[in-house]
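>>> Structure of the sequence below:
(one chain, ligands or ions: 1)
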Amino acid sequence: MQFNKIIGHAELKARLIGNIREGRVPHAQFFLGPRGSGVLPLALAYATYLFCENPGEGDSCDVCPSCVMMAKLAHPDLNMVFPIFLSADRGKTCDPYTAEWRGAVLNDPYLDAEVWRGLLKGENKQLRMGVDIAAEVVRKLSLKSFSGGWKVMLIWLPEMMDAPMANKILKVLEEPEPRTAFLLAGHANDRILPTILSRTQLVKVAAPGPSEVTAAIQQRHPEISPADARGIAARSEGDLLEAFAMAKGEEEEIFVFFRDWLRACYANKVADNVMFADYFAKMGREEQKGLMTYALYLIRQCMLQWQDVPQLIAAFGEEMEFVKKFSALLNVHNADGIRHELETAHGHLERNANPKVLFLDLSYRLGTLLRMKEAVA
Ligand SMILES: [Zn+2]
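Next comes the predicted model:
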């Protein structure tokens, strides 16, 4: 995880990097911020920078062996503890869970306790950090650094440490071996023992602003219109986990609309086409353009399938099912035409064409193209 992959926080990133470059690395820091603000990615980017063998002024290098290992969260001097289900069969320490934890964080470093609990599939159990984890922390920090440099102990959600664990790490937290950095990343300092808090330096992480969240949504989901992205950003109040979940929901809605509409085009049912056109006309202009952008994206995926280069396809899940079925309708006579029609429609929408007329016309043209068979020249 590099700093540049993290959304927002420009000032904070610069300050953290500046401190490391000037040799000011506190022995314990607590990255504290609301859910979805990026406390964990920031702590990981900090560790990556600390380990980097060739750090630049603005970020870690991303190519040295340390950075390569950190990209997989597999650096031997990165120790991580996190809440788990204290279970009889899997033990009470984090080690048996580390592979799953890595997978979860690499999949989404903005995850929260609920996401983690869901992945562990134990809805009724409580996530905890007990005294056995404290022993794990002390033991790991007593080992020599593998690379001869810094050792990091990352504690995710320190607010979930129980009192015996917190008490047991106090000593090592206060006086760790030289070149050891504790990085705590969590959301609530009012549930942490004051003795822990007083031994850590607070790094306050604010929620990213609406424009930053909007940009992040548009980057991850280009098919979502700018207006919708702004709406999601406003509703999420800077919680990126929430914002991305909402964006995914919108994406599914767009997919269902597009799939059902294309089926109606193919079936050449005029009444259905009119119904879809009515619905389309009621969308905002940005949303209409967003639908065309999405349609072009999905048609491109179908073309890749048709051209037999499935390894280049970005679609998955329901989209992928659609791509497999729909690509069977493509052939040399219609593939370019379909793309051309969608591009033209997008351009006309930008020039404020009447959406209902445009959409009905487009439905008719797409239907005709889709029904063209390979053999018809
Ligand atoms: Zn590096």
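
>>> Pick out the residue closest to the middle of this protein.
Compute the mean C-alpha point of the chain, and by Cα atoms, centre = their mean the closest residue is residue 108, 4.5 Å away.

>>> what's the helix or strand for the closest residue to it other than its chain neighbours?
Nearest residue to residue 108 in three dimensions, chain neighbours excluded: residue 115, at 7.0 Å (Cβ to Cβ, 6 or more residues apart in numbering). Backbone N, C-alpha and C define where each C-beta goes, glycine included. Assigned by DSSP states H and E, residue 115 belongs to helix 113-120.

>>> what's the residue nearest to the centre of the chain sitting at in phi/psi?
When quoted as degrees, to the nearest 10, the phi and psi of residue 108 stand at phi -160, psi 100.

>>> dump the residue contacts of it.
Contacts here follow Cβ atoms under 8 Å, 6 or more residues apart in numbering; on that basis residue 108 touches 115, 241, 244.

>>> Verify the contact between the second one and residue 113 for me.
No: in this structure residue 241 lies outside contact range of residue 113 using Cβ atoms under 8 Å: 11.0 Å.

>>> From residue 223, how far off is the residue of the stretch 251-377 of the chain found nearest the ion?
The ion sits closest to residue 314 of the stretch 251-377 of the chain, with a gap of 28.6 Å, by Cβ to the ion. In this view, residue 314 and residue 223 are 11 Å apart by Cβ to Cβ, to the nearest Å.

>>> Between the two, tell me which one has more neighbours.
Legend: neighbour count by other Cβ atoms under 10 Å for residue 314 and residue 223, higher for residue 223 (21 against 12).

>>> Can you tell me, leaving aside adjacent residues, what's nearest to the more buried one?
The shortest distance from residue 223 to any non-neighbouring residue, by Cβ to Cβ, 6+ apart, is to residue 294 (3.5 Å).

>>> and that neighbour, how many neighbours?
Neighbours around residue 294, by other Cβ under 10 Å: 21.

>>> and it, what is it in contact with?
Applying Cβ under 8 Å, 6+ apart, the residues near residue 294 are 223, 251, 254, 255, 258.

>>> Would you verify that residue 31 is located in a strand?
Yes: per DSSP: H, G, I helix; E, B strand; the rest coil, residue 31 lies within a strand segment.

>>> Make 394 the first number, not 1, from now on.
OK, 394 is where the count begins now, so the last one is residue 424.

>>> How about the residues of the stretch 444-593 of the chain by the ion?
445, 453, 454, 457, 460 (Cβ under 5 Å from the ion).

>>> Out of the residues you listed, which end up buried?
445, 453, 454, 460 (16 or more other Cβ atoms under 10 Å).

>>> Pipe the residues you listed into a markdown table and attach pLDDT per row.
Listed next are these as a markdown table, based on pLDDT from 0 to 100:
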| residue | pLDDT |
| --- | --- |
| 445 | 97 |
| 453 | 97 |
| 454 | 97 |
| 460 | 97 |
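
>>> List just the nearest of these to residue 545.
residue 445 (12.3 Å; Cβ to Cβ).

>>> Report pLDDT for the closest residue to residue 535 other than its chain neighbours.
Nearest non-adjacent residue to residue 535, counting by Cβ to Cβ, 6+ apart: residue 570, 7.9 Å away. Residue 570 is assigned 90 on the pLDDT scale.

>>> Show me which positions of the helix or strand harbouring residue 717 end up buried.
Assigned by DSSP H and E, residue 717 falls within helix 711-719. Within helix 711-719, the residues scored as buried using 16+ other Cβ under 10 Å are 712, 715, 716, 719.

>>> got it, and stretch 487-496?
Going by neighbour count (16+ other Cβ under 10 Å), the buried part of stretch 487-496 is 487, 490, 491, 494.

>>> Any chance of JSON lines for the residues you listed, columns pLDDT?
Converted to JSON lines, the buried residues of stretch 487-496 look like this (pLDDT from 0 to 100):
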{"residue": "487", "pLDDT": "95"}
{"residue": "490", "pLDDT": "93"}
{"residue": "491", "pLDDT": "94"}
{"residue": "494", "pLDDT": "95"}
